[in-house]
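Undergrad: following is a predicted model, sequence given first.
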Amino acid sequence: MTGLMEQFLRGRSSSRSAMAPFLALDILNQATQREREGQNIVHMEVGEPGAATPALVREAVQEELARGRIGYTEALGRPSLRARIARHYRETYGVEVPPERVAVTIGSSGGFMLAFLAGFDAGARIGVQSPGYPAYRNIFDALGLEAVVIETNGASRHVVTAAMIEATHAEKPLDGLLLMSPANPTGTMMSPEDLQAVCAVCDRLGITFVSDEVYHGLTYGEPAETALKFSDRVIVANSFSKYYCMTGWRVGWLIVPEEFVRPIERLQQNLAISVPYLSQVAAEAAFDARDELQLIKAGYAANRNFLLNSLPQIGLSEFHPVDGAFYIYADVSRFTNDSLDFSRRMLDETGIAVTPGLDFDRNRGNSFIRLSFAGPERDMVEAVSRLGLWLPS
């Protein structure tokens with residue numbers, strides 16, 4: 001039987017589309033259906049700010065709409081936005097980034113696609129941390145890339161270290177490395193010293209390092225450092241989704257080495273033409289909304305403190321360091337060895353939606369759940385109250 005005939009008989013879908021589902025979104029769908037049926041749901045499953053997009057952003061877009069024409073932009077983004085992103089690195093990190101090395105992307109997700117396509121051929125081996133963001137591995141599957149899982153542990157404070165990378169590379173060489181700090185699902189952040197060491201080992205071994213910095217701005221102690229501080233060879237991905245409360249606008253950016261600029265421009269021209277014009281207008285305005293954004297962040301900090309104090313009182317006392325982002329990655333092994341079933345029962349019996357750890361760690365995730373504290377304070381209080389009644393003592 002020919003490959004085309006096999007594809008026809010299984011419904012025409014390609015093998016590359018047979019990736020694992022994103023369980024957080026599956027849980028969201030189930031929770032939303034229950035809401036439509038009249039059930040009161042506490043949403044702690046998705047990584048989405050509960051706050052509205054800042055007023056300055058909405059006003060800028062309304063003004064642009066009044067002018068009338070909304071068209072294409074340059075494939076790499078509006079020059080004014082690229083320059084504003086470059087200025088952000090100078091002001092925030094003290095790093096000079098030429099605007100020419102900035103690419104505006106369709107969220108960080110679109111940025112990852114461009115980075116992976118420009119940086120790696122099919123069959124390339126990319127190191128990723130575990131637990132980690134599930135879409136990385138699923139995109140790799142679709143692109144014919146091999147995810148090499150590097151499991152974190154308490155000894156390294158649950159971050160990937162230069163020594164881990166060197167050991168993995170010695171076993172079978174890596175072509176690339178993709179790390180997030182602060183991390184999803186844990187919120188754990190690399191120290192500047194650890195990040196510098198990772199950059200150094202990647203440069204020395206010829207490993208292309210992609211640094212996912214989408215949760216920068218959302219830290220609750222020391223600020224996060226950018227990998228650009230330590231290497232010109234790194235590819236940095238970021239987004240307006242998390243700190244800037246703009247998930248639905250689908251706009252992010254890459255900072256890339258000079259030799260990647262034209263390849264990424266060609267890819268963007270053909271895959272997307274450009275990022276939506278209004279989203280770029282909104283993104284540029286977001287940099288001036290810091291006062292409002294800092295108030296929103298203060299709400300996350302209060303939610304974090306409440307949960308860190310309250311969860312141990314109801315039996316959830318073990319979790320990874322919550323340095324940043326808006327997640328708690330909690331150990332539920334005393335209650336279950338099946339986090340997916342546990343999450344489904346929690347939704348059915350308490351109306352609380354959380355994400356099973358199996359989404360983030362295929363080997364150890366059955367012992368964990370991820371709780372997002374990006375919602376309003378009243379939801380955090382309600383969640384603790386319901387869980388306290390539901391969890392066995």
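TA: Right, received. Where do you want to start? Treat the numbers as computed from the prediction; the structure is a model and nothing was measured.
Undergrad: backbone phi and psi for the residue nearest to Y133 when sequence neighbours are not counted, please?
TA: Take Y133 and drop its neighbours on the chain: the residue closest to it by Cβ to Cβ, 6 or more residues apart in numbering is N184, 4.9 Å away. C-beta: built from backbone N, CA, C; applies to glycine. In terms of degrees, to the nearest 10, the main-chain angles of N184 are phi -110, psi 120.
Undergrad: what does V234 give?
TA: Torsion angles, degrees, to the nearest 10, at V234: phi -80, psi 150.
Undergrad: so it touches C199, yeah?
TA: Yes - counting by Cβ atoms under 8 Å, V234 touches C199, with 6.2 Å between them.
Undergrad: quickly list what's touching both of those two.
TA: 209, 227 (Cβ atoms under 8 Å, 6 or more residues apart in numbering).
Undergrad: count of residues packed around the closest residue to A124 other than its chain neighbours?
TA: Among residues not flanking A124 along the chain, D175 sits closest, at 4.0 Å (Cβ to Cβ, 6+ apart). Neighbourhood size, D175 [other Cβ atoms under 10 Å]: 19.
Undergrad: show me what contacts D175?
TA: 120, 124-126, 207-208.
Undergrad: can I get these in TSV with pLDDT?
TA: TSV is the format used below for the contacts of D175 (pLDDT from 0 to 100):
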residue	pLDDT
F120	97
A124	98
R125	98
I126	98
I207	98
T208	98
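Undergrad: can you tell me which helix in the chain is longest?
TA: helix 290-310 (DSSP state H).
Undergrad: the residue nearest to Y133 contacts A325, doesn't it?
TA: Yes - contact criterion Cβ under 8 Å: N184 and A325 qualify, at 6.1 Å.
Undergrad: returning to that earlier point: spit out the contact partners of the residue nearest to Y133.
TA: N184 is in contact with 47, 132-133, 215, 325, 327, 360, counting by Cβ under 8 Å, 6+ apart.
Undergrad: now, which of the residues you listed lie within strands?
TA: If you go by DSSP state E, those have Y327 in strands.
Undergrad: scan the contacts of N184 and report the most crowded one.
TA: A325 (32 neighbours).
Undergrad: and it, what's its pLDDT?
TA: On the pLDDT scale, A325 is placed at 98.
Undergrad: the spatially closest residue to M164 that is not a sequence neighbour: what's it in contact with?
TA: Closest residue to M164 apart from its sequence neighbours, by Cβ to Cβ, 6+ apart: I150 at 5.5 Å. Going by Cβ under 8 Å, 6+ apart, I150 touches 127-130, 160, 164-165, 168.
Undergrad: of those residues, just say which sits nearest to Y243.
TA: Q129 (21.0 Å; Cβ to Cβ).
Undergrad: so which helix or strand takes in the closest one?
TA: strand 125-130 (DSSP states H and E).
Undergrad: ok, that strand: who's next to it in the sheet?
TA: strand 146-151 (parallel), strand 176-180 (parallel) (DSSP bridges).
Undergrad: quick check: what element follows that strand along the chain?
TA: Moving toward the C-terminus from strand 125-130, the next helix or strand (DSSP H and E) is helix 134-143.
Undergrad: which parts of that next one are buried?
TA: Residues of helix 134-143 classed as buried: 134-137, 139-141, 143 (neighbour count, 16 or more other Cβ atoms under 10 Å).
Undergrad: and stretch 162-172, by the same measure?
TA: For stretch 162-172, burial by neighbour count (16+ other Cβ under 10 Å) applies to 162, 164-166, 168-169.
Undergrad: of those, which is the nearest to Y277?
TA: I165 (40.0 Å).
Undergrad: my read is that the closest one contacts C202, right?
TA: Yes - with contact defined as Cβ under 8 Å, I165 and C202 form a contacting pair (7.1 Å).
Undergrad: any residues in contact with both of those two?
TA: Joint contacts of I165 and C202 (Cβ under 8 Å, 6+ apart) are L177.
Undergrad: most widely separated two among the contacts of I150?
TA: Spatial extent of those (Cβ to Cβ) is set by the pair S130 and I165 at 13.7 Å.
Undergrad: how distant is the helix or strand S80 falls within from the center of its chain?
TA: Assigned by DSSP H and E, S80 belongs to helix 79-93. Distance of helix 79-93 from the chain centroid (Cα atoms, centre = their mean, to the nearest Å) equals 21 Å.
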